[in-house]
Every structure is written in structure tokens, then in C-alpha cells.
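**Student:** Structure for the following, please:
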Amino acid sequence: MTPPINRKNNENKGKKQQELSTKVLADVVESLIGAAYLHGGFDLGCQCASFFDMGLRWQPLPKRIESLLARMEIEDEYPSQLAVVERILGYTFERKSLLIEALTHASYEHNSHTSSYERMELLGDSVLDMIVTDFLYHAPGKNYSPGHIHLRKSAVVNAHILAYICLSSSTTADATMPGISSDGRITLLPETHDIFLWQCLLHSSSAILEDQRKTATRYKHRRDDIHKALIEGNIFPWADLIRLQAPKFFSDMVESLIGAVFLDSSGNIDVARSVMTNLGIFPILDRIVRDDVDVLHPVSRLSLWAGKHGKELDYRYEKEKGKVSCIIFVDEKEECRITETYHGRASQEEVKFMAAEHTIKLLRLRGVNYGVLKKKRRLAQKNEVIDMVTD
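**Tutor:** Numbering: from 1, shown residues only. Predicted structure coming up:
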């Protein structure tokens, strides 16, 4: 007997069923939120995000900020450095408690009911990331690919450049100090001195004081070279920035202050952008875009070259007698060895950078351009979609 024809199976036979990876589905959701943001701004972007739920309790931004601010405690007394920080930022806080929190390190012992800046720093990092991405997406005449946006964003949203911003941001203050007058008598004389942003951190740690002193000394030795490279150089000064070896709390201060400004201004992106301009972040970003500054990190450049040419790249470290060495192997052959005094993780990162930079010079790789990133991006996108043939 001839078996009955199963028309459904017959119709499906030979057809391809397309299965999308989790990454592709996530990309689709993110692109829809991005499209909503481009079409209707931040509010419409939030509405679109709330449609996908994501397991969060979504509220309109003003209401959410209002609920956060309602938990803030009003301070009876304010530290004297608040006015200094406001002058540096070019912004006056309506809620001073937000500024105190943004400046408070976890070690601070003189104010037990104020949280440390850690939550504020996380918020500020997100605000900074969004504002920089928006600027690069709309950069006139550029139409950057995702890879190019990420490269340039990484140049201004990283701990090294933000630490430099913290170290370089300052204001002047007038004071009267004992001195010798023109007639040789000891008297009080007017004096103007600089107060730096990093000096306004609220903490109770002798270790932080020592870190501040050492980092400020390294900054004084390198600030002119960094400044010159940022305003007129063709290559982003990764080397000098990394050699500052600035502890994380320097960059944390900048991000926490941006987060505090965002909350105090009721989520006003334009106000946060203005503060970023006053701190010098936006002038750096604008020049990177305007003059097409080479911002590719040496470690990334070396990795791209190795991937393009099928080379096996390996970084190895050796520590001995207070020294740390970074050895770079290409196809198991030692190409470069750099040794420096070991001062912890920061010095290990510095020696890795120096080794990568030296290898780039040895192999003459400065010409590896951003086009490589475009090709890698397209290849990755093709691999996201998996087609499976089913019966």
C-alpha cells in the first residue's frame, strides 16, 4: 500500500530554516533602541527599551531621578573644597550632597552617612559613554563604521586619559602667606596658587596621599609632552599617558562628577556635555575627529597585524629581583624584550605597552590602518548567522 502523502513535510523538505545567534538577536534589539533614540531622543529611546522589559522596573527618567534624589540626606556642613570643584567644572550644584558623594572615597572616615562615589562613578561612566558615542555617530562628514566609533571612543573613555584630565584640571585661589616685604619686614603678602581637582578628593588614607604625590610628580615630568601631542600631534599619546601610572581613583573622580552633574541637572545631557567640555574631554575628542588623529593602541595594532598575516602572537612576563620583563614572541620566536623596575600591575602594563611599541618599530607596522578593522567587522557579522538544513 502506498503511504499517504504528508504535504506539510513535503513542503518543508529542502527548505532552509534560519536560526539566529543570541548575538544577532541582541544586536537587533540594540539597533531598534538606537533607531528610537535617533528619531525621538533620549525619552523615545527609553520607551523603546522598556518595551523589551529586560527584567527591569522602567520609569520615566524625571521620575526615576526624583526617587533617587529623595533618598539623599541634607548635609549640615559642606567641605570647603566644594566651591573649588564647582569652579573647575563650571557648574554650581543645586544639591550639594550629590557633589559630596561624588568626591567621597570609601576610606573617608569623617562622614559616615554619605556613600562613597562608586555608584556615582558607574553612572558617570555610562553618561560619558553615551555622550561620546552620540558625538562620534553624528560627526559631520565622517559616517564612521562601528569599529571606527569604538576606536575613537576608547581614546577618550579610558582610565589613562581621564586620570590626565583629573591631574590637569585646576583653578586658581588667592591667599595671604607670610613673606618678606620690600623693606625687609615679615608680613602677610597676597599669593595666587593652583588647586587641582585631585586635591579635592575626600579620603582618610595615607596610601592615597602617597599615590597622589608620586603621580603628581610623574605628571609634572610628562604634562608638556602629553599636552603638545593632544593639541597638535598626529598620534595619540598612549605611551606618556600609560607612564603616568595613575591609580584608578583619579579617573573615578572624573566619572563620578559627571554622574553627579547628570543627576543634579535632572538628567540634562546638554549640561553634562558642557561640563565635559569645561574639563577638556570634548576638545580632545573634537581634535581627534577633525584632524583624524591615529588613536590605535599599540597592543591592538600588533594584534591586528598578527591576525591579518596569520601570525601567532604571545606576551610573556618574567619577574626577578624587583624587575619585570615583557617578552613578545611571534610564531614562537622572540622578537622583543623590555625590562623595567616592577611597581605592581601599573608597571607591568607599562612594560607591555613599551614592548608592543618597540616591536611595531622593529617590524615597521605603523602603516597598518583602520581598514583592517572594517574587514574584521564584516567577517564577524557574516559568522553571526547560522543556516541549518532541516527535514
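
**Student:** contacts, neighbours, all on C-alpha from now
**Tutor:** OK.

**Student:** how many other residues sit next to Ser145?
**Tutor:** 14 (other CA atoms under 10 Å).

**Student:** Quick one: low-confidence residue ranges for the stretch 101-250 of the chain.
**Tutor:** For the stretch 101-250 of the chain, the stretches flagged by pLDDT under 70 are 112, 175-179, 188-190.

**Student:** what about His193, is that helix, strand or coil?
**Tutor:** When classified by DSSP: H, G, I helix; E, B strand; the rest coil, His193 comes out as strand.

**Student:** Contacts only, for the most centrally placed residue in the chain.
**Tutor:** The residue lying closest to the centre of the chain (CA atoms, centre = their mean) is Val157, at 2.3 Å. Val157 is in contact with 128-129, counting by CA atoms under 8 Å, 6 or more residues apart in numbering.

**Student:** Which of the three states applies to Phe93?
**Tutor:** Classified using three-state DSSP, Phe93 is coil.

**Student:** Ok, Leu244 next?
**Tutor:** coil.

**Student:** ditto for His343
**Tutor:** coil.

**Student:** That one: how many residues sit nearby?
**Tutor:** If you count neighbours by other CA under 10 Å, His343 ends up with 12.

**Student:** repeat for Ala216
**Tutor:** Neighbour tally, Ala216, other CA under 10 Å: 18.

**Student:** in a helix, that's where it is, yeah?
**Tutor:** Yes: assigned with three-state DSSP, Ala216 falls within a helix.

**Student:** List phi and psi for the residue nearest to the centre of the chain.
**Tutor:** Taking degrees, to the nearest 10, you get phi -110, psi 70 for the backbone angles of Val157.

**Student:** before we move on, which element is Arg316 in?
**Tutor:** strand 313-320 (DSSP states H and E).

**Student:** outside of that strand, which residues touch it?
**Tutor:** Contacts for strand 313-320 (CA under 8 Å, 6+ apart): 303, 306, 324-332, 342, 352.

**Student:** Quick one: buried ones out of those residues?
**Tutor:** The neighbour count (16 or more other CA atoms under 10 Å) marks 303, 324-329, 342, 352 as buried among the contacts of strand 313-320.

**Student:** still on that earlier bit, okay, now the sheet partners of the strand holding Arg316, with direction.
**Tutor:** strand 323-330 (antiparallel) (DSSP bridges).

**Student:** now the partner strand: how far from the chain's centre is it?
**Tutor:** 27 Å (CA atoms, centre = their mean, to the nearest Å).

**Student:** can you pull the contacts of Gly90?
**Tutor:** Taking CA under 8 Å, 6+ apart as the test, what Gly90 contacts is 275, 278.

**Student:** I'd like the numbering to begin with 22 instead of 1 from here.
**Tutor:** In the new count, where the first residue is 22, that last one comes out as Gly111.

**Student:** from memory Ile263 sits against Asn179, does it?
**Tutor:** No: the pair Ile263 / Asn179 is not scored as a contact, 10.7 Å apart, by CA atoms under 8 Å.

**Student:** of those two, who's got more company?
**Tutor:** Each of Ile263 and Asn179 has its neighbours counted (other CA under 10 Å); Ile263 has more, 21 against 12.

**Student:** Could you list the low-confidence segments of the stretch 272-412 of the chain?
**Tutor:** 365-367, 387-412.

**Student:** Mind jotting down where the strands sit in it?
**Tutor:** Remark: strands assigned in the stretch 272-412 of the chain by DSSP state E, counting those that start in this stretch are 334-341, 344-351, 354-362, 406-410.

**Student:** what sits up against the second one?
**Tutor:** Right, the one you point to is strand 344-351. Residues contacting strand 344-351 (CA under 8 Å, 6+ apart): 332-340, 355-363, 369, 372-373, 376-377, 380.

**Student:** mind running it again at 6 Å?
**Tutor:** Identification of contacts with strand 344-351 by CA atoms under 6 Å, 6 or more residues apart in numbering yields 333-339, 355-363, 373.

**Student:** can you map out the strands along the stretch 72-221 of the chain?
**Tutor:** Under DSSP E, counting those that start in this stretch, the stretch 72-221 of the chain gives strands at 191-201, 207-217.

**Student:** coming back round to it: report the buried members of the contacts of strand 344-351.
**Tutor:** 334, 357-361, 363, 373.

**Student:** so which of these comes closest to Leu157?
**Tutor:** Lys373 (29.2 Å; CA to CA).

**Student:** From Glu370, how far out is the residue nearest to that closest one when sequence neighbours are not counted?
**Tutor:** Distances taken as CA to CA, 6 or more residues apart in numbering put Cys347 closest to Lys373, at 5.7 Å, once the chain neighbours are dropped. Going from Cys347 to Glu370 by CA to CA, to the nearest Å gives 9 Å.

**Student:** Mind listing what's buried along the longest helix along the chain?
**Tutor:** For the chain, the helix that runs over the most residues, judged by DSSP state H, is helix 43-72. Within helix 43-72, the residues scored as buried using 16+ other CA under 10 Å are 54-55, 57-58, 63, 65-71.
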